[in-house]
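In: okay, sequence plus prediction incoming.
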Amino acid sequence: MIVLLPAYFAPISHYWLLFKNQEVCFEIEDNFQKQTYRNRAYIYGANGKLQLNIPIKHTKSDGRQKTKEVLIDNSFRWQKNHFKALQNAYRSSPYFEYYEDDLAPLYENEFSHLLEFNLKTTEFILDALQEEVNISYTSHYELNLPAEIDFRFLIEAKKEQSVDLIPYTQLFDDKFGFLSNLSILDLLFMEGPNVLNYLENQNLRF
């Protein structure tokens, strides 16, 4: 078992760990922090690395709130903008059209809580790859967990870990080269059902 934080269409490295271990405990008792994959994802756009950011409501004066309590600010048209960005970036990819209809409801149905939406993105990936993972959730926050299971640090986007993935074909790699460890969506749209085989061939170190 490993411990991870639910992310917005998490980076490829998260799913490598998820499928390698087949059992994950999602941390849901942590305090929300800015500049993390909790509410941001990176895709490969026509102009290079593109950030998609989910706007959130800050409901407490001191800014502290648990991630599971974080509300999405749906006064912004973020869902429409994000889906359009995905369409623009990947409509020419080998598998985008294959997954597009199943992906669309995530950007058409309104979600109130960030955690709910992030868990739905995980569910989408598992369904798309027809993979089952045993998922549980923390009941309280533990600061110190055994290093061999604690991968909560991977949620940090600003202090991103260097991840050496075996390059796969990306739509704009002729312009900007291979961009490693983007959102799992980049790999899914480029490799489709081959995602699991690709991940099995990785040997990542953190």
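Out: Arrived safely.
In: so who does the closest residue to Leu5 other than its chain neighbours touch?
Out: With sequence-adjacent residues excluded and distances taken as C-beta to C-beta, 6 or more residues apart in numbering, Leu5 is closest to Ile155, at 4.1 Å. (Each C-beta comes from the backbone N, C-alpha and C, glycine too.) Applying C-beta atoms under 8 Å, 6 or more residues apart in numbering to Ile155 gives the contacts 4-5, 7, 36-38.
In: report pLDDT for Lys158.
Out: As predicted, Lys158 sits at a pLDDT of 75.
In: next one: the one 3 residues further on
Out: The predicted local confidence for Gln161 comes out at a pLDDT of 65.
In: just the residues contacting stretch 64-82, thanks.
Out: So stretch 64-82 is contacted by 5-6, 28-32, 38-39, 52-59, 106-108, 110-115, 117 (C-beta under 8 Å, 6+ apart).
In: out of the residues you listed, which end up buried?
Out: By neighbour count, with 16 or more other C-beta atoms under 10 Å, those hold 5-6, 28, 32, 38-39, 52, 54, 56, 106-107, 111, 114-115, 117 as buried.
In: where in the chain is the helix or strand with the lowest mean pLDDT?
Out: Least confident helix or strand of the chain, by mean pLDDT, DSSP states H and E, is strand 56-57 with a mean of 92.
In: so which elements touch that one?
Out: Secondary-structure packing of strand 56-57 (3 or more C-beta pairs under 8 Å, 6 or more residues apart in numbering; DSSP states H and E): strand 71-72.
In: packing partners of the longest helix belonging to the chain?
Out: In the chain, with assignment by DSSP state H, the single longest helix is helix 114-128. Contact partners of helix 114-128 among helices and strands, from 3+ C-beta pairs under 8 Å, 6+ apart: strand 71-72, helix 96-103, helix 105-108, helix 184-191.
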